[in-house]
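Chemist: Take this sequence and fold it.
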Amino acid sequence: MTVSQKLDLYYWMQLARTFDERMLAYWKQGRGVGGTFSQRGHEAISVGAAYALGSGDVVSPMHRDLGAFLVRGVTPREAFASLLGRETGPTRGRDANFHGMSHLERGIIGFISHLPHSLPVALGVAMSFRYRAEPRVAMAFTGDGATNAGLYHEVLNMAGLYSAPLVIIVENNQYAYSTPCREASKVDSIARHAAGYGLRTTTVDGNDVEAVHAVASAAVQRARAGDGPSLIEAHTLRMLGHAVHDGAEYVPRELLAEWEARDPVLAYRRTLAAAGISPEQLGEIDRRCREEVEGAVAFAEASPWPDPSTVTRGVYAGE
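Modeler: Residues are numbered from 1 along each chain as shown. Predicted structure coming up:
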């Protein structure tokens with residue numbers, strides 16, 4: 001990986017973190033619209049995996065994958081406008097969070113809130129690539145809790161059976177809302193589920209962005225070459241509650257302290273500094289991220305609310 005690519009990874013992670021911190025402060029001031037979800041601790045997974053995709057590939061992120069949205073071209077302005085339910089957001093004010101923040105021109109499938117319901121959509125996209133013999137890949141993110149749902153296993157079975165060009169990223173952040181993994185499944189390795197369906201599987205430190213990028217790149221290359229689907233289990237910890245309203249008192253303080261010491265953004269900054277990247281270079285990236293996020297907040301606040309008369313626009317129903 002080149003120095004330029006390393007700095008790219010740091011920029012996207014830092015931009016996601018800066019956005020996240022500003023978003024949470026805004027909501028805690030009572031200025032937000034509805035609820036919102038922090039991705040603190042997930043930055044290395046969303047950025048490292050999405051950075052492995054090509055321009056013609058498609059990704060299906062979740063609500064904690066702001067990094068993936070940003071890497072694929074969603075701007076901080078668009079993202080904050082979406083959070084505030086404004087006309088200038090990707091959903092034109094129809095969805096005041098990251099759910100449904102689709103942008104098909106950028107290869108982004110909007111997130112379906114109930115996990116793992118985005119997976120069959122991503123599988124369908126992957127199968128369309130296979131049918132048309134296009135060297136393209138679909139990547140989908142899901143959580144550890146979703147791996148206990150029947151639909152998850154149906155998707156894995158079909159993906160393996162038909163050698164779909166699909167890469168599934170399971171973000172194992174140890175808690176499905178407030179339920180720890182050990183209380184939801186006797187299987188101590190989520191990757192074992194996928195191996196039984198014929199997928200190539202691997203586990204990775206989800207706080208190491210270069211490690212995530214390496215395994216995701218290998219999986220994408222295999223899928224593009226026609227060598228079938230892969231599943232990557234990325235280990236991390238959700239550092240805040242399920243959503244802004246959740247204090248996460250159920251997470252042991254010792255566990256939080258352990259993972260806080262492994263913060264993916266700060267850890268990568270130390271890695272880059274040890275590799276000879278100057279404090280000035282890193283500081284310039286930090287400054288740029290702050291300016292972009294503050295500009296995004298100002299843009300969103302100045303953006304119009306959607307016109308109520310357009311409420312049915314883009315809504316389709318069949319008989």
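Chemist: Return the distance of residue 296 relative to residue 223.
Modeler: Applying Cβ to Cβ, to the nearest Å, the value for residue 296 to residue 223 is 33 Å. C-beta here means a position set from N, CA and C on the backbone, and glycine is covered the same way.
Chemist: So for the two, which sits in the more crowded spot?
Modeler: A direct count of neighbours by other Cβ atoms under 10 Å for residue 296 and residue 223 places residue 223 higher, at 28 against 23.
Chemist: Not counting residues beside it along the chain, what's closest to that one?
Modeler: Excluding its sequence neighbours, the residue lying closest to residue 223 (Cβ to Cβ, 6 or more residues apart in numbering) is residue 165, at 3.9 Å.
Chemist: Determine the number of other residues adjacent to residue 75.
Modeler: Counted by other Cβ under 10 Å, the residues lying close to residue 75 total 15.
Chemist: scratch that, residue 135
Modeler: Neighbours of residue 135 (other Cβ under 10 Å): 13.
Chemist: And it, how far from residue 232?
Modeler: Here the criterion is Cβ to Cβ. By it, residue 135 lies 20 Å from residue 232.
Chemist: Name the residue closest to the centre of the chain, please.
Modeler: residue 65 (2.0 Å; Cα atoms, centre = their mean).
Chemist: Which pLDDT value belongs to that one?
Modeler: Note for residue 65: predicted pLDDT of 95.
Chemist: got the contact list for it?
Modeler: The neighbourhood of residue 65, defined by Cβ atoms under 8 Å, 6 or more residues apart in numbering, consists of 39, 42, 45-46, 50, 98, 111, 141.
Chemist: give me that answer again for 6 Å
Modeler: For residue 65, the contacting residues are 46, 141, by Cβ atoms under 6 Å, 6 or more residues apart in numbering.
Chemist: Lowest mean pLDDT among the helices and strands of this protein, which one is it?
Modeler: Least confident helix or strand of the chain, by mean pLDDT, DSSP states H and E, is helix 191-195 with a mean of 85.
Chemist: Now it: buried residues?
Modeler: Neighbour counts using 16 or more other Cβ atoms under 10 Å place 191, 193-194 of helix 191-195 among the buried residues.
Chemist: Against residue 102, how distant is residue 12?
Modeler: Note on residue 12: its distance to residue 102, by Cβ to Cβ, is 20 Å.
Chemist: neighbour-wise, which of the two wins?
Modeler: Shown here are residue 12 and residue 102; by other Cβ under 10 Å, residue 12 has more neighbours (24 against 15).
Chemist: So that one versus residue 72, what's the distance?
Modeler: Shown here: residue 12 relative to residue 72, a distance of 10 Å by Cβ to Cβ.
Chemist: Next: residue 206.
Modeler: For residue 206, the distance to residue 72 - Cβ to Cβ - is 19 Å.
Chemist: So for those two, which sits in the more crowded spot?
Modeler: Legend: neighbour count by other Cβ under 10 Å for residue 206 and residue 72, higher for residue 206 (29 against 20).
Chemist: Test my guess that that one contacts residue 236.
Modeler: Yes - counting by Cβ atoms under 6 Å, residue 236 is a contact partner of residue 206 at 3.7 Å.
Chemist: and the top helix by length along the chain, average pLDDT?
Modeler: Counting by DSSP state H, the longest helix found in the chain is helix 3-28. Per-residue pLDDT over helix 3-28 has a mean of 96.
Chemist: tilt between the helix or strand that it is followed by and helix 3-28?
Modeler: Sequence-wise, the next helix or strand beyond helix 3-28 is helix 43-50, with elements assigned using DSSP states H and E. Taking axes from the mean of the first three to the mean of the last three Cα atoms, to 10 degrees, one finds helix 43-50 and helix 3-28 inclined to each other by 130 degrees.
Chemist: any idea of the mean pLDDT in the next helix or strand along the chain from helix 43-50?
Modeler: Beyond helix 43-50 in the direction of the C-terminus, DSSP H and E gives the next helix or strand as strand 58-60. Taken as a whole, strand 58-60 has an average pLDDT of 97.
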